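>>> Show me the folded form of this:
(one chain, ligands or ions: 1)
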Amino acid sequence: MVAPKLNVSRRIRATPYTSRVESLGVSGYSVVNHTILPKGFEKSVEEDYWHLKNHVQLWDVGCQRQVELKRKDAARLVQLMTPRDLRQAVVGQCLYAPLIDHQAGMINDPIILKLDEDHFWLSIADSDVLLWARGLAIGMSLEVSICEPDVWPLAVQGPKSDALMAKVFGDMVRDIHFFRFAWLPFNGHGLLIARSGYSKQGGFEIYLDKPEMGAELWDALWDAGMEFNVSPGSPNLIERVEGGLLSYGNEMTNENNPLECGMKQYCQLDGSIDFIGYEALKAISSKGPDRKIRGVIFDGSPCPPCQFPWPVLGMGKENDRQIGTITTAIWSPAFKQNIALGMIERHSWNDGTQVKVESGDGLIRTGVVTKLPMSKKRIVSVD
Ligand code: THG
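Numbers count the residues shown, from 1 in each chain. Got it, this is the predicted structure:
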């Protein structure tokens with residue numbers, strides 16, 4: 001069967017790296033923020049997973065769009081949008097943060113980059129934050145300019161990232177701390193380089209603000225990467241589930257609040273900062289969330305990685321009652337078990353709780369709830 005082709009019109013944008021990922025044999029795309037995101041290359045997801053854990057990869061993550069807030073009220077607006085306390089944030093810092101609405105529903109979970117006291121980028125997951133920010137700014141008469149700048153992140157991920165990046169940008173990259181950024185020259189142009197990325201294997205994200213340099217940047221990294229066994233890649237589903245990295249639109253939607261998403265540490269609820277959704281989040285907090293994102297490890301043959309959400313059923317005194325849903329699941333070659341992320345109700349979310357998973361192929365499998373990031377667990381079969 002010939003895979004149906006995605007028509008990349010003006011509404012679905014290519015990136016400055018698209019020509020390179022196409023010549024390297026990209027096997028498919030997803031669409032995030034109206035922009036194509038490579039989903040794989042010649043390697044299988046499993047081969048790609050081992051490669052990412054042992055070597056270094058270049059990821060076209062141009063779909064991680066920036067929402068720029070600038071001028072007098074920029075700091076006020078970004079703080080209004082998130083329950084994370086930004087008062088101590090410094091220029092050069094990246095901060096993972098939930099964005100919420102007036103009901104404490106998740107709007108997005110960006111990385112906030114503080115470029116200056118009155119200049120921020122929200123490096124967003126898949127939702128239209130620009131419209132939300134503009135609506136707030138207009139409604140509240142804030143003095144702030146909001147735009148989507150022409151900035152295209154490229155991620156370098158894996159244990160050999162430092163060696164590869166140092167070859168292209170010099171040893172200065174080694175001094176960039178986790179979730180900090182620096183400006184380093186590349187062919188006469190300064191680039192923002194952060195130590196961050198959507199994997200737990202370490203690495204960098206380069207925020208290219210000159211799209212015409214995309215191919216040149218990719219080629220420099222590619223050529224320098226030959227000796228490190230560099231490969232094209234993309235966020236790896238197995239690695240991200242093991243590491244407990246959440247995906248907006250999959251693990252959580254606007255129906256969920258940050259406490260359900262395990263983001264309590266990013267919620268300042270003592271009333272000392274002013275943000276939209278404070279009252280609603282405070283009320284949820286005093287009652288305690290009804291469900292939370294947890295890991296689930298389950299039995300049987302490799303599960304089909306599609307058709308989510310799947311029901312999770314209780315055992316023992318909760319026998320066969322639906323106590324949650326699986327939002328993402330995949331076979332892990334390291335665990336030699338199926339691993340998943342899911343929303344699990346309060347009475348069943350403790351580490352070690354036995355459950356049943358109705359996987360997309362119609363099978364019912366025995367599983368166990370686990371904390372995140374996950375560690376290997378024994379599943380006690382009841383049958
Ligand atoms: N990089 C950049 N932008 C992004 C992502 C990214 N935008 C979309 C999406 N990813 C946003 N979501 C996440 C989710 C997790 C992390 C980053 C962005 C992440 N989490 C670390 C963890 O959970 O271990 C660290 C979080 C922390 O500081 O505590 O890295 O990947 N530019």
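
>>> Surely residue 239 forms part of a strand?
No. Secondary structure assignment (DSSP: H, G, I helix; E, B strand; the rest coil) places residue 239 in helix, not in a strand.

>>> Make sure it is actually in contact with residue 200.
Yes. Checked against C-beta atoms under 8 Å, the pair residue 239 and residue 200 is within contact range at 6.8 Å. C-beta coordinates here come from the backbone N, C-alpha and C atoms, glycine included.

>>> These two - which one has more neighbours?
residue 239 (23 against 16; other C-beta atoms under 10 Å).

>>> What spatial separation is found between the more buried one and the ligand?
12 Å (C-beta to the nearest ligand atom, to the nearest Å).

>>> What residues does the stretch 101-250 of the chain have near the ligand?
109-111, 123-125, 153, 179, 196-198, 205, 245-246 (C-beta under 6 Å from any ligand atom).

>>> between the residues you listed, which is nearest residue 286?
residue 109 (23.2 Å; C-beta to C-beta).

>>> I figured that closest one hits residue 95, correct?
No. Judged on C-beta under 8 Å, residue 109 makes no contact with residue 95 at a distance of 11.2 Å.

>>> Give me the more crowded residue out of the two.
Counted by other C-beta under 10 Å, residue 109 and residue 95 do not tie: residue 109 has more neighbours, with 23 against 19.

>>> Need the phi and psi values for that one.
Main-chain torsions, residue 109, degrees, to the nearest 10: phi -140, psi 70.

>>> about what we covered before: just the residues of the stretch 101-250 of the chain next to the ligand: which are in strands?
111, 123, 153, 205 (DSSP state E).

>>> ok, and the closest non-adjacent residue to the second one?
The spatial neighbour of residue 123 that comes closest, neighbours along the chain excluded (C-beta to C-beta, 6 or more residues apart in numbering), is residue 111 at 4.4 Å.

>>> What's the end-to-end length of stretch 321-341?
Using C-alpha to C-alpha, to the nearest Å, the end-to-end distance of stretch 321-341 comes to 19 Å.

>>> any bit of that stretch sitting next to the ligand?
No. Using C-beta under 6 Å from any ligand atom, stretch 321-341 never reaches the ligand; the gap is at least 12.1 Å.

>>> Buried ones in that stretch, by neighbour count?
For stretch 321-341, the neighbour count (16 or more other C-beta atoms under 10 Å) marks 323-332, 335, 337-341 as buried.

>>> One more: stretch 265-273?
In stretch 265-273, counting by 16+ other C-beta under 10 Å, buried: 266, 267, 268, 269, 273.

>>> before we move on, what about stretch 339-349?
339, 340, 341, 342, 343, 344, 345, 348, 349.

>>> Phi and psi next, for the last one.
Think residue 349. According to degrees, to the nearest 10, residue 349 has phi -90, psi 0.

>>> Please verify my assumption that it contacts residue 369.
Yes. Using C-beta under 8 Å, residue 349 makes contact with residue 369 at a distance of 6.2 Å.

>>> and residue 377, what pLDDT?
Residue 377 is assigned 67 on the pLDDT scale.

>>> Residue 350: what's it in contact with?
Neighbouring residues of residue 350 by C-beta atoms under 8 Å, 6 or more residues apart in numbering: residue 369.

>>> Please confirm that it is located within a strand.
No. Going by three-state DSSP, the assignment for residue 350 is coil, not a strand.

>>> Any regions of the chain where pLDDT drops low?
1-2, 377-383 (pLDDT under 70).

>>> Which parts of it are helices?
18-23, 45-54, 74-81, 129-139, 161-169, 214-225, 237-243, 278-287 (DSSP state H).

>>> tell me what the second one is packed against?
Contact partners of helix 45-54 among helices and strands, from 3 or more C-beta pairs under 8 Å, 6 or more residues apart in numbering; DSSP states H and E: strand 231-233, helix 237-243.

>>> ok, now the first one?
In terms of contacts (3+ C-beta pairs under 8 Å, 6+ apart), helix 18-23 is packed against strand 57-60, helix 214-225.

>>> now do the fourth one
Using 3+ C-beta pairs under 8 Å, 6+ apart as the contact definition, the elements that helix 129-139 packs against are strand 66-70, helix 74-81, strand 106-108, strand 145-147.

>>> ok, back up a step: tell me, what's touching residue 349 and residue 369 both at once?
What both residue 349 and residue 369 touch, as defined by C-beta under 8 Å, 6+ apart, is the set residue 294.

>>> Quick check: which of the helices and strands packed on helix 18-23 is nearest to residue 160?
Nearest of the helices and strands packed on helix 18-23 (C-beta to C-beta): helix 214-225, 8.1 Å.

>>> ok, back up a step: which one of the buried residues of stretch 339-349 is nearest the ligand?
In terms of C-beta to the nearest ligand atom, no member of the buried residues of stretch 339-349 lies closer to the ligand than residue 341, at 12.1 Å.

>>> separation between that closest one and residue 125?
15 Å (C-beta to C-beta, to the nearest Å).

>>> One more: residue 51?
25 Å.

>>> Pick out whichever of those two has more residues nearby.
Counted by other C-beta under 10 Å, residue 51 and residue 125 do not tie: residue 125 has more neighbours, with 25 against 18.

>>> what residues are up against the more buried one?
32, 64, 108, 109, 110, 247, 248, 249.

>>> Across the sheet, point out what pairs with residue 293.
residue 343 (DSSP bridges).
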